[in-house]
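Student: Have a look; sequence and predicted model below, questions after that.
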Amino acid sequence: MVLTACGGADNKAGSGSKALRGRAERPVESSSPVTGRATGNVVATPPPDRTGAPKALFLGTSLTAGLGLADPATESWPAVVQELADSAAIPFYVVNAGLSGETSAGALRRADWVMQEKYDVIVIETGANDGLRGLDPDSTASNVRGVIAKARAANPNASIFLVQMEAPTNMGPRYTKAFHALFPKVAYETGVTLLPFLLEGVGGVAKLNQGDGIHPTAEGARIVGHNVWPGIRFALRRR
């Protein structure tokens, strides 16, 4: 199956935020913006040859898809992770499967479809819309377990990562605490690697977010990529 198109997805906290609705689109393989052509006095460097590199699926929401960015293929946080891997000369090939408006239940329904190809690394960013909508944390946890189970069944040797997400504070302390706790609990139960909160240092910082107060700007997405990369890099070195 050839994965060709980019999707959008939703995000996390922000008082009064509304989950975004989007269309189901095919995942997109991350690409480098450089082409190897001479432009004026600048000669662009050709993208690295990723033939045989570990292939990574980033299954997520609009945060992963890079909704609202001028060029999601190069500015979304998975694209930043690709750039960091290339800069470190670590073989890595990113496929962005972000989808706008998707809840964890949607991710579970979509998991079989997006995993028709084989992956060496699977990064799961889901639950943001669940938190925005105040959905039951136990149901979210069950869905996330299901996504992990499908990922493991389709790719038994893959390194699987779960990204920590948070609920908006306006949902109340009991809910936000339960929502926060489900991610480390599921990671522990399933044996996957828990990555830091996706929007650490970005959420709530106006200059790092777009006008909707929800989705990171290109600068914010770079910080997100740097939040996530160390854990992935460590796992890649152990493969």
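Tutor: The structure has been received and is ready for your questions. Residues are numbered from 1 along each chain as shown.

Student: Show me the residue sitting in the middle of the protein in space.
Tutor: The centroid of the chain falls nearest to residue 64 when counting by Cα atoms, centre = their mean (3.9 Å).

Student: who's the residue nearest to that one when sequence neighbours are not counted bridged to?
Tutor: Leaving aside its sequence neighbours, residue 64 sits nearest to residue 98 (Cβ to Cβ, 6 or more residues apart in numbering; 3.3 Å). (Each C-beta comes from the backbone N, C-alpha and C, glycine too.) Counting by DSSP bridges, residue 98 is bridged to residue 60.

Student: Quick check: residue 98 touching residue 63?
Tutor: Yes. Between residue 98 and residue 63 there is a contact at 7.0 Å, judged by Cβ atoms under 8 Å.

Student: Could you give the backbone dihedrals for residue 58?
Tutor: phi -110, psi 100 (degrees, to the nearest 10).

Student: what's the neighbour count on it?
Tutor: Burial of residue 58 is recorded as 30 neighbouring residues (other Cβ atoms under 10 Å).

Student: okay, it: pLDDT?
Tutor: As summarised for this prediction, residue 58 has a pLDDT of 98.

Student: wait, isn't it in contact with residue 119?
Tutor: No. Residue 58 is beyond contact range of residue 119, at 9.8 Å (criterion: Cβ under 8 Å).

Student: For the two, list the residues in contact with both.
Tutor: Listed as contacting both residue 58 and residue 119 by Cβ atoms under 8 Å, 6 or more residues apart in numbering are residue 95.

Student: Could you pull up the contacting residues of residue 126?
Tutor: So residue 126 contacts 59, 60, 61, 102, 103, 104, 107, 143, 144, 147, 165 (Cβ under 8 Å, 6+ apart).

Student: Mind doing that once more with 10 Å?
Tutor: Counting by Cβ atoms under 10 Å, 6 or more residues apart in numbering, residue 126 touches 9-10, 59-61, 63-64, 99, 102-108, 110-111, 140, 143-144, 147, 162-163, 165, 183.

Student: now residue 210
Tutor: Here residue 210 is in contact with 11, 67, 68, 69, 216, 217, 218, 220 (Cβ under 10 Å, 6+ apart).

Student: same thing with residue 144?
Tutor: By Cβ under 10 Å, 6+ apart, the neighbours of residue 144 are 104, 107-108, 124, 126-127, 130, 162, 165, 182-183, 185-187, 189-190, 192.

Student: So which of these are in helices?
Tutor: Of the positions in the contacts of residue 144, 104, 107, 108, 130, 182, 183, 185, 186, 187, 189, 190 sit in helices, assigned by DSSP state H.

Student: How much space separates the fourth one from residue 104?
Tutor: Okay, so that is residue 130. 5 Å (Cβ to Cβ, to the nearest Å).

Student: Okay, buried residues for the biggest helix by length in the chain please.
Tutor: Ranked by residue count, the top helix of the chain under DSSP H comes out as helix 218-238. Residues of helix 218-238 classed as buried by neighbour count (16 or more other Cβ atoms under 10 Å): 218, 220-225, 227-229, 231-233, 235-236.

Student: Farthest pair within the residues you listed?
Tutor: 218 and 235 (26.1 Å; Cβ to Cβ).

Student: ok, back up a step: quick one: which of the contacts of residue 210 is nearest to residue 83?
Tutor: residue 218 (12.0 Å).

Student: dump the residue contacts of the closest one.
Tutor: 66, 68-72, 74-77, 79-80, 208, 210.
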